[in-house]
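**Student:** Quick one: sequence and predicted model below, then my questions.
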Amino acid sequence: MPQKEQRKAMATTTKVFGTGKREGHDASTFYNRKIFAANERSSAAHPVAAAPIPPVSEWADRIYNASSEHMSDIPDRSVGLSFTSPPYNVGKTYESDLDMKDYLALIRNVGKEVHRTLVPGGRYVINIANLGRKPYIPLHALFYEIHQEIGFLPMGEIIWQKGKGASGSCAWGSWMSAKAPRLRDLHEYLLVFAKDRFERPDKGNSDIERDDFMASTLSIWNIPPESARRVGHPAPFPLALAERVIKLYSYTDDVVTDPFSGSGTTCIAARQAGRHFVGYDVSGEYCQLANDRLMGKLEKPKKSKFKK
């Protein structure tokens, strides 16, 4: 049997009890159900004449000491991936004490700029944690609402499990009592969004290896956290986390942005992976820290243990 016909014969479709093998799978029956109708977006966005993009050397591979609410240095539709961890507004030294309305307005303004700069099908991945216990604030739910209003398409979420077993927190509430036990978080979220369509219409080179791809497409990632003391920033994420996102969601030579670049981990991971980078941060101190790390003036980040 010719190879093309053999693949067609192997193709599967959605069934009542699911299907184990999903090679060449036709899920149209599943996605034609009414529950998905409210979330429909046209994957064939209205064509808009794009302005010529200046050479990458003129605006990328640098960190801007400015607010990412106005990323005027980045041309429209020029970025393949944006990966960031925004401030959680919980009192870190680099944060302003914003009320919820102003905080979400900041996130919305930055999201609009990210949307503008992404190529069609480009991805925006946001590392976020929920806050508090009295009350519990589900930030990730609020982020979904904001970014869908902007026009992003939700692609899924990844649970970043930072540790196994008991955490260092002893904020368990009522000890061994049902009076007021508290959950102790061992995880954060990576929310994955796409611009206009779920697939990249442009062609590029993907350099992720088979085993890494298989591990990265699972919805739970077990990656140890980074040491704030070693990096010199109160809330760094590990190089392995940024590297995994970049390898999974971008092509080589893509531009990767981080609108809250902090200590520069996303930028370092992008450069090491053969991508261009752009970082934005309002703190001159952290821009300098990121540049020092990029130039190797400080202790080099631990080598990523990408395979898990």
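**Tutor:** On my side now, so go ahead. Numbering: from 1, shown residues only.
**Student:** Can you show me the helices along the stretch 201-308 of the chain?
**Tutor:** All helices of the stretch 201-308 of the chain, identified by DSSP state H, counting those that start in this stretch, fall at 210-216, 228-231, 239-249, 265-272, 284-294.
**Student:** now residue 280: how far from residue 146?
**Tutor:** 19 Å (CB to CB, to the nearest Å). Bear in mind the C-beta positions are built from the backbone N, C-alpha and C, glycine included.
**Student:** neighbour count winner among the two?
**Tutor:** Ranked by neighbour count (other CB atoms under 10 Å), residue 280 and residue 146 place residue 280 first, with 24 against 16.
**Student:** what ranges of the chain fall below the confidence cut-off?
**Tutor:** 1-26, 30-31, 34-50, 89-96, 164-171, 226-236, 297-308 (pLDDT under 70).
**Student:** longest helix anywhere in it?
**Tutor:** helix 100-117 (DSSP state H).
**Student:** Can you report how many residues lie near residue 54?
**Tutor:** Using other CB under 10 Å, the number of residues around residue 54 comes to 12.
**Student:** ditto for the one 3 residues further on
**Tutor:** The local packing of residue 57 (other CB under 10 Å) involves 9 other residues.
**Student:** returning to that earlier point: relative to residue 157, which of the helices of the stretch 201-308 of the chain is closest?
**Tutor:** helix 239-249 (12.6 Å; CB to CB).
**Student:** Pull up the distance across stretch 192-205, start to finish.
**Tutor:** 21 Å (CA to CA, to the nearest Å).
**Student:** how about the strands of the stretch 1-150 of the chain, start to end?
**Tutor:** 62-64, 79-84, 118-128 (DSSP state E, counting those that start in this stretch).
**Student:** Which one, of the ones you listed, ends up nearest to residue 288?
**Tutor:** Per CB to CB, nearest to residue 288 of the strands of the stretch 1-150 of the chain: strand 62-64, 9.1 Å.
**Student:** tell me what that closest one is packed against?
**Tutor:** Applying 3 or more CB pairs under 8 Å, 6 or more residues apart in numbering; DSSP states H and E, we find strand 62-64 packed against strand 276-280, helix 284-294.
**Student:** Out of these, which one sits most buried?
**Tutor:** Mean neighbours per residue, mean count of other CB atoms under 10 Å, is largest over those for strand 276-280, with a mean of 26.
**Student:** ok, the nearest residue to residue 136 once chain neighbours are set aside - contacts?
**Tutor:** Distances taken as CB to CB, 6 or more residues apart in numbering put residue 130 closest to residue 136, at 6.6 Å, once the chain neighbours are dropped. Residue 130 sits next to 136, 137, 138, 139, 140, 185, 189 when contact means CB atoms under 8 Å, 6 or more residues apart in numbering.
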